[in-house]
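# here are the coordinates; sequence isn't available:
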């Protein structure tokens, strides 16, 4: 899972803008009305809290949306991928591959569950390094997947 804000772009823009204005880190922090330590952490790759993020982006003269990564949309369609592989199988005729692909498509549409989004809000988020947030998100997704997965046959009701 990626960070929602591309901190590397924010980090670079802050440093470039500060240097372009000829400001020290302390003077830049005062200029954009954020604590010195916050701006120093941003230049080291930490994500600020929302209020300070807004102040920094305003100081930069940029739109906040510029720092948000577009959500990744899965472009592969599982039944289409299977149909493609079936059509290339030398042991199947075109008609047989089409029949199997149609069955897979129907089964998939009847049995597939839409993915559930994992959402978390951390009060300590300003102190997390981006890597820690990503790892925590991956851990929570894994936990959610295991909690919502169907039990193996013969273990239902235990």
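The structure has been received and is ready for your questions. The structure presented is a predicted model; accordingly, all values stated were derived computationally and were not measured.

# Quick one: residues in contact with stretch 19-29.
Contact partners of stretch 19-29, identified using CB atoms under 8 Å, 6 or more residues apart in numbering, comprise 14, 17, 18, 31, 35, 36, 38, 39, 40, 43, 59. (Glycine included, C-beta is placed from N, CA and C.)

# again, 10 Å this time
14-15, 17-18, 30-32, 34-40, 42-43, 52, 55-56, 59 (CB atoms under 10 Å, 6 or more residues apart in numbering).

# Buried ones from these, can you make that a ChimeraX selection?
Selection of the buried residues among those in ChimeraX, burial being defined by 16 or more other CB atoms under 10 Å:
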select :14,17,18,32,34,38,39,42,43,52,55,56,59
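
# Next, check the contacts of stretch 19-29 against the helices and list the overlap.
14-15, 17-18, 30-31, 36-40, 42-43, 52, 55-56, 59 (DSSP state H).

# Quick one: residues contacting residue 95.
For residue 95, no contacting residues are found, by CB under 10 Å, 6+ apart.

# Just the local confidence number for it, please.
Residue 95 is assigned a pLDDT of 94 by the prediction.

# That one and residue 77: what is the separation?
Distance of residue 95 to residue 77, computed by CB to CB, to the nearest Å: 22 Å.

# Tell me where the chain has helices.
Using DSSP H, helices in the chain cover 7-21, 25-31, 36-43, 50-60, 78-87, 94-111, 130-148.

# Could you dump those helices into a markdown table and include distance to residue 67?
Shown next, in a markdown table, are the helices of the chain (distance: least, CB to CB, whole Å):
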| stretch | distance to residue 67 |
| --- | --- |
| helix 7-21 | 5 |
| helix 25-31 | 18 |
| helix 36-43 | 11 |
| helix 50-60 | 7 |
| helix 78-87 | 33 |
| helix 94-111 | 37 |
| helix 130-148 | 13 |
